[in-house]
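S.K.: need coordinates for the following:
(one chain, ligands or ions: 1)
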Amino acid sequence: MDTKNIGFNSKLIHSGGVEDALGSAVTPIYQTSTFSFKSADHGARCFSGEEDGYIYTRLGNPTIDDLENTLAELENGYGAVATSSGMAAVNTVYMALLGSGDHMISHNSVYGPSRSIMEKLYPKFGVESTYVDCTHIENIEKAIRPNTKLLYLETPANPTIGITDIAAASTIAHKHNILVCVDNTFCSPYIQKPLDLGADIVLHSMTKFINGHADIVAGAVISKTKEIHAQMSYVMKNMGFNMDPHQAWLTRRGLKTLAIRIDKAQANARKIAAFLEAHPKIEWVRYPGLKSHPQYALALKQMSGPGAMMSFEVKGGLEAGKKVMDNVQLALLAVSLGGIETLIQHPASMTHSKLSKEEKDEAGISDGLVRLSVGIEDAEDIIADLEHALSFV
Ligand code: LCS
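M.R.: Prediction:
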């Protein structure tokens, strides 16, 4: 059916499907590396693009198409490329849009490797970057140079939960012919649609909310226009950042329950944030659903809900935070996020450990910051777990 004009929840279930000869309700796993041609001429037509047809799985596969088509519809983009990991998606964007002599501006607290590869690897290819606090929009304008090609945002940011105004940032960037990419991992399109707000590209670590079950690593890049999508597709296919069909099938299955998973995790997160904020042993809590969040009003404007990610600091800094992490029983002490299980971790020694002390300080990643990804367990049990762990402080 034509899924263009159906609602978000209906798209989660019905978009993308590739019809097969047996009428499968679910697009099957086409676990094949290659596809045979009907004739030499048919093969030539597929290669020239004269005829649509599958050639080789790195270049396209029906199970992967099912996922990519769905993602493009959910984010209101022209097209999507699915990648083997979120970092493959990040590299797809960097490689497609940046070359020797180009400059990128980004937010100072993005996922650790998204920043460290830009500062440690990309300078080898002549790419320059500036990291500023993009939650203060004037910092973006100040950082623009004549050679700036890309504004790379992550909002809410990992792990500070800082929120950048996507519409305002896109207006500034576009005045200077700069493309805007938003890492939408913390929200998913259920909560935030960066392309509708003015961005040109959206990326995801689908390892997180999109798949939602902590059983695969995956990524995606969704582009607003045909031209940008073609650039992303070229890099993905030729750098070999592609996804495996089985990985795509699992991701598409997980995606079907995105809205109901987020509804439950978010309802839990609201209760947990309120509990933590009122707790005498907690210094502060950063959660877009709390009025104390510095960008609370912006969160209400550009996100349809506060999500399920928060960070907080226990009074007593790192040692106190470690006591909490060592004494939780229901929550898993683990990196990653956006799954059905509650995860707790310490960014300064884990996900953001490759950043220098100065970079962490500048980004607001204090040694005592603890990050919580709220799952879909019973809120009372998560709260009881945190309360018990906090009793050790
Ligand atoms: N973007 C964001 C915002 C992320 O949080 C991550 C991973 C990535 C990109 C990279 O995706 P991956 O290649 O892992 O699929 N974030 C992680 C985290 O916070 N803990 O472990 C991984």
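S.K.: every contact and neighbour count from this point should use C-alpha atoms.
M.R.: OK.
S.K.: now do the same contact list for residue 295.
M.R.: By C-alpha atoms under 8 Å, 6 or more residues apart in numbering, residue 295 lies in contact with 162-163, 288.
S.K.: for it, what are phi and psi?
M.R.: With angles defined as degrees, to the nearest 10, residue 295 sits at phi -110, psi 40.
S.K.: give me the pLDDT value at it.
M.R.: Looking at residue 295, its pLDDT reads 97.
S.K.: ok, it to the ligand distance?
M.R.: Distance, residue 295 to the ligand, using C-alpha to the nearest ligand atom, to the nearest Å: 18 Å.
S.K.: my guess is residue 285 contacts residue 276. True?
M.R.: Yes - if you go by C-alpha atoms under 8 Å, residue 285 and residue 276 touch, sitting 6.9 Å apart.
S.K.: comparing the two, which residue is more hemmed in?
M.R.: Ranked by neighbour count (other C-alpha atoms under 10 Å), residue 285 and residue 276 place residue 285 first, with 25 against 21.
S.K.: any idea what the more buried one is bridged to?
M.R.: Counting by DSSP bridges, residue 285 forms beta bridges with residue 312.
S.K.: contact partners for it?
M.R.: Counting by C-alpha under 8 Å, 6+ apart, residue 285 has contacts 273, 276-277, 310-313.
S.K.: would you list the buried entries among the residues you listed?
M.R.: Buried residues within the contacts of residue 285, defined by neighbour count using 16 or more other C-alpha atoms under 10 Å: 273, 276-277, 310-313.
S.K.: quick one: what helix or strand has residue 91 in it?
M.R.: Element membership for residue 91 (DSSP states H and E) is helix 86-97.
S.K.: can you state the direction angle for whichever helix or strand comes after that helix and helix 86-97?
M.R.: Later in the chain than helix 86-97, the nearest helix or strand by DSSP H and E is strand 103-107. Relative orientation of strand 103-107 versus helix 86-97 (axes from the mean of the first three to the mean of the last three C-alpha atoms, to 10 degrees): 140 degrees.
S.K.: quickly run through the sheet partners of strand 103-107, with directions.
M.R.: Strand 103-107 is paired, per DSSP bridges, with strand 128-132 (parallel), strand 148-154 (parallel).
S.K.: is stretch 81-89 positioned near the ligand?
M.R.: Yes - counting by C-alpha under 6 Å from any ligand atom, the ligand is contacted by stretch 81-89 at 85-87.
S.K.: from the chain's centre, how far out does that stretch sit?
M.R.: Between the centre of stretch 81-89 and the centre of its chain there are 10 Å (C-alpha atoms, centre = their mean, to the nearest Å).
S.K.: check the separation of the first and last residues in it.
M.R.: End-to-end distance of stretch 81-89 (C-alpha to C-alpha, to the nearest Å): 8 Å.
S.K.: now do the strands in the stretch 151-300 of the chain.
M.R.: Secondary structure of the stretch 151-300 of the chain, counting by DSSP state E, counting those that start in this stretch: strands at 179-183, 201-205, 219-223, 282-286.
S.K.: mind listing what's buried along the helix or strand bottoming out on mean pLDDT in the chain?
M.R.: Ranked by mean pLDDT, DSSP states H and E, the weakest helix or strand in the chain is helix 357-363, scoring a mean of 87. Neighbour-count burial for helix 357-363, counted by 16+ other C-alpha under 10 Å, picks out 360, 363.
S.K.: go on, stretch 270-282?
M.R.: Residues of stretch 270-282 classed as buried: 270, 272-273, 276-277, 281-282 (neighbour count, 16+ other C-alpha under 10 Å).
S.K.: what's the model's confidence in it, averaged?
M.R.: For stretch 270-282, mean pLDDT rounds to 98.
S.K.: and the residue in the stretch 101-250 of the chain that the ligand sits nearest to, how many neighbours?
M.R.: Proximity of the stretch 101-250 of the chain to the ligand (C-alpha to the nearest ligand atom) peaks at residue 205, 4.2 Å away. Residues near residue 205, counting by other C-alpha under 10 Å, number 30.
S.K.: and the closest residue to it other than its chain neighbours, what is it in contact with?
M.R.: Ranked by C-alpha to C-alpha, 6 or more residues apart in numbering and with sequence neighbours excluded, the top spatial neighbour of residue 205 is residue 86, at 3.8 Å. Taking C-alpha under 8 Å, 6+ apart, we find residue 86 in contact with 203-207, 217-220.
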